[in-house]
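K.L.:
Predicted model and sequence follow; I will ask about them next.
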Amino acid sequence: MLDFNVHFPTRIRFGRGKIEDLGKEILCYGNKVLLVYGGGSIKRSGLYDQVLQIFRDNNITHVELSGVQPNPRISSVRQGVELCKKHEVHLVLAVGGGSSIDCAKIIAAGAGYDGDAWDFFTRKAKINYALPIGTVLTLAATGSEMNANAVISNDDTKEKLGTGSPVLIPRFSILDPEYSFTVPPEQTASGTVDIMSHIFEQYFSLTPETFIQDRLAEAMLKTCIHYGPIAIAQPDNYEARANLMWTGSLALNGLLGAGKRTDWATHDIEHEISALYDVTHGLGLAVLTPYWMQYVLDEQTAPRLAEYARNVWEIEEKDNIIAARAGIKKTADFFKSMNLARSLKEIGVEAEYLAEMAKKATSQGSLGAFRKLEYQDVLNILQAAYGGDM
C-alpha cells in the first residue's frame, strides 16, 4: 500500500425528509443562493416547490440557472458565473444529479475568477477558490456530491474534460433516496454502471497489499449487482435506492483509491465518445468496460481480474485466465440484463470517428496504470466495442 492523505469534509444528511435541514445548512454560508438544476424532473416531483418554500421560510433569496444538460456545457457554466457575480451570491446549490452538481462546482470556481472558466480545464488556470457548494441529490451515479471533481463539455471544441480541487468539495449534501424514485429505468441502469466503473478504475490496480480497499470495492460492486436490477424493477423500493445512492457516494470520495495507483483509462476513452455524441456517460461505460477488461487481460493482470471474478461473481475456477474471462463475460451479461447497449454502433457512434477519438484520448500521452494504453491500444478497444462481438 502507498502513503496517502484523505479528507472527507462534506456533511452528509442521508434519509427521508432530510430536505428539512436545507435552510439551516444554507444559512451557515449566507442567504443569497444560485439554484442550479436540469430539466423539469424536480418540478414534476415536487422537489422544486419544496426548495422554494424552504427559501421563503428562511428568508433566503435566490436566482436560478435551469436547463443544465446531462453532459453539462461550459456555456451553462458561463451563464451561472455571470449570475453569481451580478447578484453577489453566497452559495451555489445544485439540485439534481451529477451533471447539475458538476456545473455548480465550476460556476462556484468561476465566480471568483476574472478569466473564462474553461481555463480550468485547459490548465491555463488553477482552481484555488470557489464559493461554498451544496447539493440535493436526485440520482445515484457520479459521486460528485462528495468529491472534488467536475467534468464539463465544450460544444465549440468538441471536448469533454475534467478538473478538480479540494475547494470544489460540497460543504453539505442532502441524500434522500425517495428523490430518486422517479429516475427512469435506463438512467437507473446507466447510473449503476457509472458507480461500478468508478469502483473498477480504482480496484483494478497493480499496487500490492491493498486488502482493505479491495474488499470494500468488492462489497460495493456486489451491492450494485444486487440492488441495480431491483431498483429498475421496483422504482420506489427505498432500500434499493438507498443502497445505490450511498454506494455511489462512497465509490468516488477518495476512500477506495487511497494508497493505490488507479487507472481511469475507460473514463478517458468514454469522454471522447460523449463529447462527440452526447451519450449518457454510464451507457458509454457499459459498452466500453467489458472490452477494456478483455483487452488488458494478460499474465500480469490476470490475477486481479480473476480475483474479481471469484470474489464478486463467485466463479470457481483455479486457472486465472479462464476465471478472468468468465468474470468479464458475467460483467457484460449483467449490463445487457439491464437493457443497456453492447456496442458503440448501437448508441450511434460512427466507425469513421474511432481513430479521431483514439487520437484525442491519447493526445497527452498513454492512458491507464493497470496496463498502459497507447493510441493503437485505444483504437483496438474502440473497434472491438464498435463491433460488439462479446
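P.N.:
Everything's here; your move.
K.L.:
so is D114 in a helix, a strand, or just coil?
P.N.:
Following DSSP: H, G, I helix; E, B strand; the rest coil, we place D114 in the coil state.
K.L.:
from now on call the first residue 807
P.N.:
Let's use 807 as the start, then, which means that last one is D920.
K.L.:
Could you tell me how far it is located from V973?
P.N.:
According to CB to CB, to the nearest Å, D920 stands 17 Å off from V973. C-betas here are computed from N, CA, C, even on glycine.
K.L.:
ok, now W924?
P.N.:
18 Å.
K.L.:
Those two: who's more crowded?
P.N.:
Neighbour count, other CB atoms under 10 Å: between W924 and V973, W924 has more, with 21 against 17.
K.L.:
Surely the more buried one touches I880?
P.N.:
Yes. Under the criterion of CB atoms under 8 Å, W924 makes contact with I880 at 5.1 Å.
K.L.:
Are there residues contacting both of the two? Which ones?
P.N.:
Here W924 and I880 have I958, N960 as joint contacts, going by CB atoms under 8 Å, 6 or more residues apart in numbering.
K.L.:
Closest to the centroid, which residue in this protein?
P.N.:
By CA atoms, centre = their mean, the mean C-alpha position of the chain lies nearest to T948, the distance being 2.4 Å.
K.L.:
where does it fall, phi/psi-wise?
P.N.:
Reported as degrees, to the nearest 10, the phi and psi values for T948 are phi -80, psi -20.
K.L.:
how about it, what does it touch?
P.N.:
G903, G904, S905, I907, D908, D1000, G1054, L1058, H1087.
K.L.:
Wasn't N1059 part of a helix?
P.N.:
No. Counting by three-state DSSP, N1059 is not part of a helix but coil.
K.L.:
That one: neighbour count?
P.N.:
Residues contacting N1059 under the criterion other CB under 10 Å number 23.
K.L.:
who touches stretch 968-978?
P.N.:
Here stretch 968-978 makes contact (CB under 8 Å, 6+ apart) with 813, 815-819, 831, 834-835, 897, 907, 911-912, 914-915, 926-927, 932-936, 938-941, 951-958, 1077.
K.L.:
Check the gap between E1162 and E1156 for me.
P.N.:
E1162 sits 10 Å away from E1156, going by CB to CB.
K.L.:
same thing with E1113?
P.N.:
Counting by CB to CB - E1113 and E1156 are separated by 37 Å.
K.L.:
Which one's more surrounded, these two?
P.N.:
Each of E1113 and E1156 has its neighbours counted (other CB under 10 Å); E1113 has more, 18 against 11.
K.L.:
Now do the buried residues in stretch 925-942.
P.N.:
By neighbour count on 16 or more other CB atoms under 10 Å, the buried set for stretch 925-942 is D925, F926, F927, A931, I933, A936, L937, P938, I939, G940, T941, V942.
K.L.:
try stretch 1001-1017
P.N.:
Result for stretch 1001-1017 [16+ other CB under 10 Å]: buried residues 1001-1011, 1013, 1016.
K.L.:
Likewise for stretch 866-875?
P.N.:
Within stretch 866-875, the residues scored as buried using 16+ other CB under 10 Å are I866, H868, L871, V874, Q875.
K.L.:
Could you list which of those belong to helices?
P.N.:
Using DSSP state H, no member of the buried residues of stretch 866-875 sits in helices.
K.L.:
quick one: which of these is nearest M1144?
P.N.:
For the buried residues of stretch 866-875, the minimum distance to M1144 (CB to CB) is 23.4 Å, reached by Q875.
K.L.:
so what's that closest one up against?
P.N.:
Residues counted as contacts of Q875 (CB under 8 Å, 6+ apart) are G844, S882, S905, S959, D1084.
K.L.:
Which of those ranks first by neighbour count?
P.N.:
That'd be S905 among those, by other CB under 10 Å, with 28 neighbours.
K.L.:
Output the host helix or strand of that one as CSV, restricted to C-alpha atoms.
P.N.:
For S905, the host element (DSSP states H and E) is helix 904-916. Coordinates of the C-alpha atoms in helix 904-916 are reproduced here as CSV (Å, rounded to 0.1, in the frame of the first residue of the first chain):
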residue,chain,number,x,y,z
GLY,A,904,-24.0,14.7,-11.2
SER,A,905,-24.4,17.0,-14.2
SER,A,906,-26.1,19.8,-12.2
ILE,A,907,-23.5,19.3,-9.4
ASP,A,908,-20.5,19.4,-11.8
CYS,A,909,-21.9,22.5,-13.4
ALA,A,910,-22.5,24.1,-10.0
LYS,A,911,-18.9,23.4,-8.9
ILE,A,912,-17.3,25.1,-11.9
ILE,A,913,-19.7,28.0,-11.5
ALA,A,914,-18.6,28.4,-7.9
ALA,A,915,-15.0,28.4,-9.0
GLY,A,916,-15.6,30.8,-11.9
